[in-house]
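[1] Got a predicted structure here, sequence first:
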Amino acid sequence: MATNTLHVKHGWVWISAILIFFFNSFLLPEGLTYTLLLTPMWLYLLYLQGKLSIVAGILMPLTIFAAIHLLHGVDIIYYSRSVLMIAGMTTFLIVSSFFVNSSAINWDLIFKDIAILNFFFTLLSFCLLFFPSINSIVWYKVPVSLNIDVPRLKLFTEEASHYSYLLAPVAIYFYSRAIFFKTTNPLLTLFIITVPFLASFSLGVLSAIVFGSIVVFTVYFTRLFSTVKSRVSFFVGVTAIIALLLVWYRINPENILFLRIHNIFNGDDTSARGRTYEAFILANKVIAQKSYLWGLGPGQLKLIGRDIIVQYYLYSKIPEVIRIPNACAETIVCFGYAGFCLRLVVEAVLFFITKVYTSPYRLWLFAFAFIYQFTGSYITNTAEYLVWIIAFSSIFPEYEKVWIATLKPLKA
């Protein structure tokens, strides 16, 4: 009977994970998700488990900020709507954390199924490129940079960067397994997981993954390359990759990858600018209207910051939704530098409390999320917080053995 119960439990989690990964915002207005609409169900599940008090405990800092924001003055309708969205998202994340940490759930199987389904949808998406009238369902067609106008894979999300961020924890899982464990058909698996990433052409997510890998390789270098031969092979491989990139650049310097990198360094990539330093410039301009310490409050940007952002960019066609596409910068807007510092402190404390560094997979995830929050995302991005939850969880305990092995002295 216990086995059947666990099987049913895993089945429901499998269905939920698939639906949330692929269709959480499909056909919904921007900013709205099915996980948010299902908040009453998450509350009911927490009620059955006697865990409702956790919601109140986690949201306690929000009440303190709310008291200060209300004293400074806010539009109560916009403020209440945004706070309810944050509370609903928090409720879902608490429920998710229980399942992420449950030994009854086979997350390896779920990640494999997500990877396979994702590749299947990617192949279908490539077929849809031949049907311009409907391919915008799965392809993001907004020009990404100066002189670069190519469709980017987004599947059923709002834009390509959101999709690639969703895929990141699954991709990092398979990348880290290929590096730290002996796996069957690693090249096929890496191909299946990498092609969709390249199709999304989200350099922000890809760069964060690469920089995260550098952190992991640095921490686990002696274990990964325990012999002189393996270290020589590593440096030869890195040198070969650099040489190939130089040759590629020499042969075809106008390809979209090098062209976009050139635009980024020249300041001609509007997406990169808007997600990085310009986001913080605008955040400081906006909070100057109220409080550098406490910010404007949730939901107030569209009222107080809209004109500032429009004047900064001098839009020829003003978009309906004005936002700051950077999680840290948006945190500053909503909760000031007090909220920004609290965000970083919580991340640092949880890093050490949960010993993230004892798992190369979790360390890679943490490094990825920490870097990317300065270059994109937004404060109600469910996918980002799911990445944080996985990084701070006990998921995939087999990686702990890698850390234990790293502590042992290596043979000469």
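    Noted; the coordinates are in hand.
[2] Okay, now the unreliable bits of this protein?
    The chain contains residues with pLDDT under 70 at 1-10, 146, 316, 402-412.
[3] Mind giving me the packing neighbours of the longest helix along it?
    Secondary structure of the chain per DSSP state H: the longest helix is helix 327-353. If contacts are counted by 3 or more Cβ pairs under 8 Å, 6 or more residues apart in numbering; DSSP states H and E, helix 327-353 sits against helix 52-72, helix 277-287, helix 360-372, helix 382-391. Every residue, glycine included, has its C-beta placed from N, CA and C.
[4] and those as JSON lines, adding mean neighbour count and distance to L46?
    Supplementary listing: the helices and strands packed on helix 327-353 in JSON lines, determined by neighbours: other Cβ atoms under 10 Å; distance: least, Cβ to Cβ, whole Å:
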{"stretch": "helix 52-72", "mean neighbour count": "14", "distance to L46": "5"}
{"stretch": "helix 277-287", "mean neighbour count": "19", "distance to L46": "33"}
{"stretch": "helix 360-372", "mean neighbour count": "25", "distance to L46": "25"}
{"stretch": "helix 382-391", "mean neighbour count": "22", "distance to L46": "15"}
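[5] can you tell me which of those comes nearest to F21?
    F21 lies closest, by Cβ to Cβ, to one member of the helices and strands packed on helix 327-353: helix 382-391, at 8.9 Å.
[6] What lies in contact with that closest one?
    The contact list for helix 382-391, computed with Cβ atoms under 8 Å, 6 or more residues apart in numbering, reads 24, 33, 35-36, 89, 92-93, 96-97, 100, 162, 165-166, 168-169, 327, 347, 350, 354, 356, 362, 365-366, 368-369, 372-373, 377.
[7] Same question for stretch 246-256.
    I148, V150, F201, F258.
[8] Buried ones among the contacts of helix 382-391?
    The neighbour-count criterion (16 or more other Cβ atoms under 10 Å) marks 24, 33, 35-36, 89, 92-93, 96-97, 100, 162, 165-166, 168-169, 327, 347, 354, 356, 362, 365-366, 368-369, 372-373, 377 among those as buried.
[9] that older thread, please list only the buried members of the contacts of stretch 246-256.
    Listed as buried from these are I148, F201; burial here means 16+ other Cβ under 10 Å.
[10] and the contacts of stretch 246-256, which two are the farthest apart?
    Farthest pair in these, by Cβ to Cβ: V150 and F258, 13.8 Å.
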